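Asker: need coordinates for the following:
(chains A and B)
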Amino acid sequence: MSVLEVKDLVTKFYTLDGVVHAVNGVSFDLEEGETLAIVGESGSGKSVTMMSLLGLIPTPPGKIESGEAIFTTPEGSRDLLQMSVHDLRDVRGGQIGFVFQDPISTLNPILTIGEQIAETLTKHLSITREQARQRTIKLLSSVGIPDPELRYKSYPFQFSGGMRQRVVIAIAISCTPKIIIADEPTTALDVTVQAQIVELFRRLREDLGVAVIWITHDLGVVAGLADRVLVMYGGRVAEIAQVDDLYESPQHPYTVGLLGALPRIDARESRRLVSIQGSPPDLLIPLEHCPFAWRCEYAFERCWEEIPPLIPVAVRHQAACFYNLEEGRPRDVQ
Amino acid sequence: MQRYFLTRVGQSLLLLIGVLVLVFFLVRITGDPARLMMPREASAAAVEAFREEMGFNRPLLVQFGDYFLGVLQGDFGRSLHFKSPALDLVLQRLPATVHLAATAILFAMLVGVPLGLVGGFNPGSAVDSVGRLLALLGQSIPNFWLGLLLMLLFAVRLGLLPSFGRDEWRSVILPAFVLGLPTMGQLVRLTRSAVLEVRGEDFIRTAHSKGLEPGIIYTKHVLRNVAIPLVSVIGVQFGYMLGGSIIIETVFAWPGIGQLLEQAIGWRDYPLVMAIAVFTSLAVLTINLLTDVAYAVIDPRIRYGH
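Answerer: Purely as a prediction, here's the structure:
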């Protein structure tokens, strides 16, 4: 069963430089307990997509133009994009938890970490302050923070980056959410700490049965953690597939390029890392054709005439590309 | 916290000693202190007698030791003009200056901080525009000129407020307004920019992502962080005002320390000038110390010496 179904999400930013077409019709669904990785380079619309879902983009200049996001819980289904700000606040932190990129700046420097966790609990659950404190201590211990009773009163600056990210994760899981949205949660951390955080996520996912949306540009982390992968490019979905399928038979030239840019530890002979020529599309210009056409070696006339829709290419595998890489010729699609 | 506080007290004491050294030697660096303090037309014999009387003919270090020990015992020397202990004169004028400074800083805070908050939370709104205009005017209008104009309007034309002195409760209104205005302007701008900055911080986005009510986010997460820069500016400005404002106190004939200083300089009453200088430094140091304590209460990073 889908816990979240996003359809044709369009988000624009009305800036002084012009209209930034940040998200241009993104659709995907998220199964209960599933981990979906969203990959793409900076500015591909990964974060804006997620922020839009929970009304966290700054408005103005941001504006959600259209789309729906059906969030399903045992109590029923609701469209997040149609909900009032007031109702959204119950979803944020309560049913959907957030983990952000830089744990140095995502915690308030002058409040104790215990307080920052407990205030989420008292907002969403009808419990006393003392109960919130007890539960916070349990949470701290469940995310692997030693001496949680003592650490309750600590301030963020007394923690290392990895420990802070554990605190942020504790906040995200505090009210046993249905979904955790993790926006590049390991990018700002040391490699060894990254591994610990990924491991923590894996354990929490098992324990809580929570669905995870993991935004990243690290395909290495994705391989070990995700069930499915969604590749974004220029504010659109380029390809979505189960993780093994994506790595074994990528169907979009952009995905191929991304994988070619990855070093492989199991490669038999050394090879040059391939980089994708050119630069991402200027989001100020509304596109009438495939956003990747400029950089694509397979682009033909049709790619310059229409925007490719998501085309089913295999079981649970879709790619927004008119070209059939395996057969080396254009696809037969309407 | 204790260590932090004791360090700050120690630093303040060192600074105070530095001030004493500076004040003492500045008067002597410029030349013969006896000549400096005596009227120009005084005869050579009179100057010599004065030098003898004040002990200026003794070795410099002996004089300084004498002065330093005196200050430690509360003896700041005797005023040449009033022929009485300089400290008593300063203390006599102190209530008036504290009255004026406290009213001015209170006015600056009560008007400046709310205006800055409204502006920071609603940039571009009507209140924000008014606040920014007031801030600009407050910081750029010369206060002696504004003082005179307000005196003309409210005292001379309208007869609503007294134009000078400290005889009734309304007397403080005009001088405190003029004295507090630049600080008010500074507080509007500082509060506004601090609110805007803190609102853009990642941890505010986190607070929103936790589903907290805006009221809680503003008071608990934004305001406390905004208070940190405000405390330092309010402290510095208040300390500065406690030293007495020469211009404002002179324009409004306010019987405070600033006015006394202006008179003491005119009379070449150097022992009194020195006493006021040391006392003013003491006031600034004390307020700075209190500011540091307030800092530590608000910001745990300072409390734990991070």
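
Asker: nearest the geometric middle of the chain, what residue?
Answerer: Using chain A. With distances taken as CA atoms, centre = their mean, A:Ile215 lies nearest the centre of chain A, 2.9 Å away.

Asker: was after chain B, sorry
Answerer: Geometric middle of chain B (CA atoms, centre = their mean) lands on B:Tyr240, at 1.6 Å.

Asker: and the next helix or strand past the helix or strand hosting it?
Answerer: Assigned by DSSP states H and E, B:Tyr240 belongs to helix B:224-242. Per DSSP H and E, the first helix or strand lying C-terminal to helix B:224-242 is helix B:246-251.

Asker: separation between the residue lying closest to the residue nearest to the centre of chain B once chain neighbours are set aside and B:Val90?
Answerer: Nearest-residue entry for B:Tyr240: B:Val284, 7.0 Å, with adjacent residues in sequence omitted and distances by CB to CB, 6 or more residues apart in numbering or on different chains. Any C-beta I mention is one placed from the backbone N, CA and C, and that applies to glycine too. With distances taken as CB to CB, to the nearest Å, B:Val284 is found 14 Å from B:Val90.

Asker: and whatever residue of the stretch 101-250 of chain A ends up closest to chain B, what does it touch?
Answerer: Residue of the stretch 101-250 of chain A nearest chain B, by CB to the nearest CB: A:Ser105 (3.9 Å). For A:Ser105, the contact set (CB atoms under 8 Å, 6 or more residues apart in numbering or on different chains) comprises B:Glu201, B:Asp202, B:Phe203.

Asker: helix, strand or coil for it?
Answerer: Classification of A:Ser105 using DSSP: H, G, I helix; E, B strand; the rest coil returns coil.

Asker: pLDDT wise, what is it at?
Answerer: Reported pLDDT at A:Ser105 in the predicted model: 90.

Asker: one more: B:Leu100?
Answerer: Note on B:Leu100: pLDDT of 94.

Asker: residue 81: neighbouring residues, count only.
Answerer: No chain specified, so I'll use chain A. 20 (other CB atoms under 10 Å in any protein chain shown).

Asker: oops, wrong one, chain B.
Answerer: Neighbours of B:His81 under the rule other CB under 10 Å: 15.

Asker: please apply the same query to B:Asn57.
Answerer: 11.

Asker: list the residues that contact the residue nearest to B:Tyr240.
Answerer: Neighbour list for B:Val284: B:Gly239, B:Tyr240, B:Leu242, B:Gly243 [criterion: CB under 8 Å, 6+ apart].

Asker: which one is B:Ala294 nearest to, not counting chain neighbours?
Answerer: Among residues not flanking B:Ala294 along the chain, B:Val231 sits closest, at 4.9 Å (CB to CB, 6+ apart).

Asker: what residues does chain A have near chain B?
Answerer: Proximity of chain A to chain B, by CB under 8 Å from any CB of the partner chain, involves residues A:54, A:56, A:88-94, A:98, A:100, A:102, A:105-112, A:119-120, A:123-124, A:155, A:157-158, A:168, A:171.

Asker: just the buried residues of these.
Answerer: Neighbour-count burial within the residues of chain A next to chain B applies to A:54, A:56, A:88-89, A:91-94, A:98, A:100, A:102, A:105-112, A:119-120, A:123-124, A:155, A:158, A:168, A:171; the criterion is 16 or more other CB atoms under 10 Å in any protein chain shown.

Asker: which of those fall in helices?
Answerer: Those of those mapping onto helices are A:Leu88, A:Arg89, A:Val91, A:Glu119, A:Thr120, A:Lys123, A:His124, A:Val168, A:Ile171, per DSSP state H.

Asker: ok, and the closest non-adjacent residue to the first one?
Answerer: Once flanking residues are discounted, A:Leu88 sits nearest to A:Gly55: 5.1 Å by CB to CB, 6+ apart.

Asker: low-scoring stretches of chain A, by residue?
Answerer: A:265, A:267-268 (pLDDT under 70).

Asker: residues in contact with residue 168?
Answerer: Assuming you mean chain A. Each residue near A:Val168 by CB under 8 Å, 6+ apart is listed here: A:Val99, A:Phe100, A:Pro103, A:Thr106, A:Leu107, A:Pro185, B:Thr206.

Asker: actually chain B
Answerer: Contact analysis of B:Glu168 by CB under 8 Å, 6+ apart lists B:Pro162.

Asker: from A:Ile285, how far out is it?
Answerer: From B:Glu168 over to A:Ile285 (counting by CB to CB), the distance is 70 Å.

Asker: for A:Ala69, list each beta-bridge partner.
Answerer: Beta-bridge pairing of A:Ala69 under DSSP bridges involves A:Val6.

Asker: can you check A:Val23 too?
Answerer: Taking DSSP bridges as the rule, A:Val23 bridges to A:Thr11.

Asker: that one against A:Val6, yeah?
Answerer: No - the pair A:Val23 and A:Val6 fails to qualify as a contact (CB atoms under 8 Å) at a distance of 10.0 Å.
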